[in-house]
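1. Next comes the sequence, and after it the predicted model I'd like to discuss.
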Amino acid sequence: MSGVFDAELHPLITSRAGLLEYVSDPSWRQRLSDGEFALPQASPHPGAELEGSAVDPVAADPVAVAAGLGPDVEAALLVPAQAMATAGWLSHTMAAVFCAAVNDLLIAEWLPAEPRFRLAIAVAPHDGFAAAEEIERVGRQPGVAAVCMPLMAVNMGQRHYHPIYAAAERLGLPVVVHPGGFEGAVIGPAALGGIGPRTPEESFTLLPQVATANVASLIYDGAFQQFPGLRVVFAGFGFSWAPPVLWRADSEWRGLRVEVPWLTKPPSEYVGDHIRFLVDAACELRPEAWRVAAMLPESSLIYGSDLPFGDGDAERALAGAPAELRERIAAGNARETFAAPVGAAEAGR
Amino acid sequence: MTATATAERHCVGSVDEFEENRFRVFEIAGRPIGVVRRGEEFFAVRNRCPHQGAEICGGRVSGTMLASDPGEFLYSDAEPVLACPWHRWEFRLADGCSVGAVTGKRLVTYEVEVDDGEVYVKLRGGRTR
């Protein structure tokens, strides 16, 4: 397959001491060094503490990961999954400090290792203003192509996130949202309909609820009117649930337009313009899923390998995709989504 | 109710017989047509929603919300609308167009004249589809 844009490659950080070198505030470095701070697991989810480390340590070596990229891969977006676990942390400041250290480590050690690497800088969503400051701090670094964050128990259309959207829009960076592993916990991250999943299977099964609630919130709260340059990527939530949600959203809008008069076109059109869903190669492989894919706007889907949890073989993963969508999913949609030059939005004002 | 026909228009009663914002439905030339008064203005529409055929004249007559900034509401009486009782789709009384373009379908409207205290529905000329 020629031309693959991998929009979800998870870099792994395994050295606590190595990370703490990038904690710029000496007092916080001391706090994290003295205490029992432990790096989040590579793939946090309920029950993960019983599974040990199933991740190949190679995933922590940027040179080895780069060497493993197929020749067809034109770009790979680094999405630091460990930073997504901060949604379950109660210390807002510690979450922000950790994300900043992760960003600095990845900028210093990963981006120089491979010109095809792009970075989704991590922000902690607890404090929108602090997150916006982090976007301003590192968002203009060469190779930075997106912002990534987990979700709180505040839906994405609400003002809580506006400082993040404003900063992302200003720098021309899409916002990638990714599960943090603790969705459904009573305190902290975004709520599921069934509170308290006890197994990873139950958690993964229910994750589309989080995405559904947040797609609806982004639309109905008018986030895309307030931030017309905002692009949001749902990574790790699947996509097969999306068409019926959009059908229902459009149907409800027709009758309830007076409740959301700021919407001036069907909700599905806002989704087509602003929201992307990641085709996670590790889990969206059933032939039926591709029939569902054809029901979404053609701009909607982008490919992600989910390395190191998948095998990175885009050709095999996308073999069943509709022929007319395959190139768009493999690379075209991601190029458009992530390639907006940094600062483009600023230049246009 | 049966309208009284003249050569070009159909009388549906005197102005005083119409309550504000409340449709009266007539059979005019075999068609079910609702007539409503709003202040000094009268409107006539076919009593059939273009969506799924509901008797739309049983719906709400009011102003509506204009396109606004997120979280704000901007109510306007300038272009009165009729909301279908089944699905709440709104159509402008003046031209039958869907408010907010939630559908491309239009409500059939008719021209209304008031002459010497009498209300007339015209089936030709002012009719739209």
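-> In hand now; what should we look at?

2. How much space separates B:Leu123 from chain A?
-> 30 Å (C-beta to the nearest C-beta, to the nearest Å). All C-beta spots, glycine's among them, are computed from the backbone N, C-alpha and C.

3. Quick check: residues of chain B near chain A?
-> B:64-74, B:87-90, B:99-103 (C-beta under 8 Å from any C-beta of the partner chain).

4. what about the spatially closest residue to A:Ser2 that is not a sequence neighbour, neighbour count?
-> Among residues not flanking A:Ser2 along the chain, A:Asp72 sits closest, at 5.9 Å (C-beta to C-beta, 6 or more residues apart in numbering or on different chains). Neighbour count for A:Asp72, taken as other C-beta atoms under 10 Å in any protein chain shown: 15.

5. Surely A:Asp72 touches A:Arg116?
-> No: using C-beta atoms under 8 Å, A:Asp72 is not in contact with A:Arg116; the gap is 10.9 Å.

6. Smallest gap between chain B and chain A, at which residue?
-> Here the residue of chain B nearest chain A is B:Pro70; by C-beta to the nearest C-beta that distance is 2.5 Å.

7. can you pull the contacts of that residue?
-> A:221-223, A:225-226, A:262 (C-beta atoms under 8 Å, 6 or more residues apart in numbering or on different chains).

8. Got a quick ChimeraX command for the buried subset of those?
-> Restricted to buried positions by 16 or more other C-beta atoms under 10 Å in any protein chain shown, the ChimeraX selection for the contacts of B:Pro70 reads:
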select /A:221,222,223,225,226,262
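
9. Which one of the contacts of B:Pro70 is nearest to A:Ala249?
-> A:Asp221 (12.8 Å; C-beta to C-beta).

10. Skipping adjacent residues, who's closest to that closest one in space?
-> A:Gly157 (2.6 Å).

11. gap between that neighbour and B:Val108?
-> Shown here: A:Gly157 relative to B:Val108, a distance of 38 Å by C-beta to C-beta, to the nearest Å.

12. now do A:Pro266
-> 24 Å.

13. same check, this time on B:Ala83
-> 16 Å.

14. Tell me which of those two has more neighbours.
-> B:Ala83 (20 against 17).

15. Can you check the pLDDT for that one?
-> pLDDT, B:Ala83: 96.

16. That one: what's it in contact with?
-> Contacts of B:Ala83 by C-beta under 8 Å, 6+ apart are B:59-60, B:62, B:89-90.

17. Please repeat the previous calculation with a cut-off of 6 Å.
-> By C-beta atoms under 6 Å, 6 or more residues apart in numbering or on different chains, B:Ala83 lies in contact with B:59-60, B:90.

18. ok, of the residues you listed, which come out buried?
-> Neighbour counting over the contacts of B:Ala83 (16+ other C-beta under 10 Å) leaves B:59, B:90 as the buried ones.

19. Now flag whichever of the contacts of B:Ala83 is closest to A:Glu109.
-> B:Glu90 (58.0 Å).

20. which residue sits closest to the closest one, ignoring its sequence neighbours?
-> Nearest non-adjacent residue to B:Glu90 (C-beta to C-beta, 6+ apart): B:Val99, at 3.9 Å.

21. Which positions in the stretch 101-250 of chain A make contact with chain B?
-> A:222, A:225-226 (C-beta under 6 Å from any C-beta of the partner chain).

22. Just send these back as a markdown table, with pLDDT and secondary structure too.
-> Formatted as a markdown table, these follow (pLDDT from 0 to 100; DSSP: H, G, I helix; E, B strand; the rest coil):
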| residue | pLDDT | secondary structure |
| --- | --- | --- |
| A:Gly222 | 94 | coil |
| A:Gln225 | 93 | helix |
| A:Gln226 | 93 | helix |
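
23. Using JSON lines, lay out these together with distance to A:Glu133.
-> As requested, those are exported to JSON lines (distance: C-beta to C-beta, whole Å):
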{"residue": "A:Gly222", "distance to A:Glu133": "25"}
{"residue": "A:Gln225", "distance to A:Glu133": "25"}
{"residue": "A:Gln226", "distance to A:Glu133": "20"}
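
24. wait, which of those is closest to A:Leu105?
-> Closest approach to A:Leu105 among these (C-beta to C-beta): A:Gln226, at 33.1 Å.

25. Please list all residues in contact with the closest one.
-> Shown in contact with A:Gln226 (C-beta under 6 Å, 6+ apart): B:Pro70.

26. Look up how far A:Ala100 lies from it.
-> From A:Gln226 to A:Ala100 the distance is 27 Å (C-beta to C-beta).

27. For my notes, confirm the residue of chain B closest to chain A occurs in a strand.
-> No: the assignment for B:Pro70, made by DSSP: H, G, I helix; E, B strand; the rest coil, is coil rather than a strand.

28. Excluding chain neighbours, what is closest to it?
-> Using C-beta to C-beta, 6+ apart, the nearest residue to B:Pro70 is A:Gly222, at 2.5 Å.

29. repeat for A:Gln82
-> Closest to A:Gln82 by C-beta to C-beta, 6+ apart is A:Pro40, at 4.4 Å.

30. Pull the number of nearby residues for the one you found.
-> Around A:Pro40 there are 21 residues (other C-beta under 10 Å).

31. same deal with A:Ser15?
-> A:Ser15 is flanked by 11 other residues according to other C-beta under 10 Å.

32. How much space separates the closest residue to chain B within chain A from A:Val123?
-> Closest contact between chain A and chain B, by C-beta to the nearest C-beta, is at A:Gly222 (2.5 Å). Going from A:Gly222 to A:Val123 by C-beta to C-beta gives 22 Å.

33. Identify the residues contacting the residue nearest to A:Asp221.
-> A:Gly157 neighbours (C-beta under 6 Å, 6+ apart): A:217-218, A:221, A:223.

34. Save those as TSV, and put in pLDDT and secondary structure too.
-> Below are the contacts of A:Gly157 laid out as TSV (pLDDT from 0 to 100; three-state DSSP):
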residue	pLDDT	secondary structure
A:Ser217	92	helix
A:Leu218	95	helix
A:Asp221	92	coil
A:Ala223	95	helix
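
35. So for residue 3, what's the pLDDT?
-> Since no chain was named, I'll use chain A. Value for A:Gly3, per-residue pLDDT: 90.

36. To clarify, I was referring to chain B.
-> 63.

37. do A:Glu346 as well
-> 43.

38. Also A:Gly188?
-> 55.

39. Tell me which residues touch the residue nearest to B:Glu90, please.
-> So B:Val99 contacts B:64, B:81, B:90 (C-beta under 6 Å, 6+ apart).

40. Ramachandran angles for it?
-> The phi/psi pair for B:Val99 (degrees, to the nearest 10) reads phi -70, psi 130.

41. got it, and A:Glu109?
-> phi -110, psi -30.

42. What is the neighbour count of it?
-> Neighbours of A:Glu109 (other C-beta under 10 Å): 16.

43. That one: what's its closest spatial neighbour, skipping adjacent residues?
-> Excluding its sequence neighbours, the residue lying closest to A:Glu109 (C-beta to C-beta, 6+ apart) is A:Pro62, at 5.9 Å.
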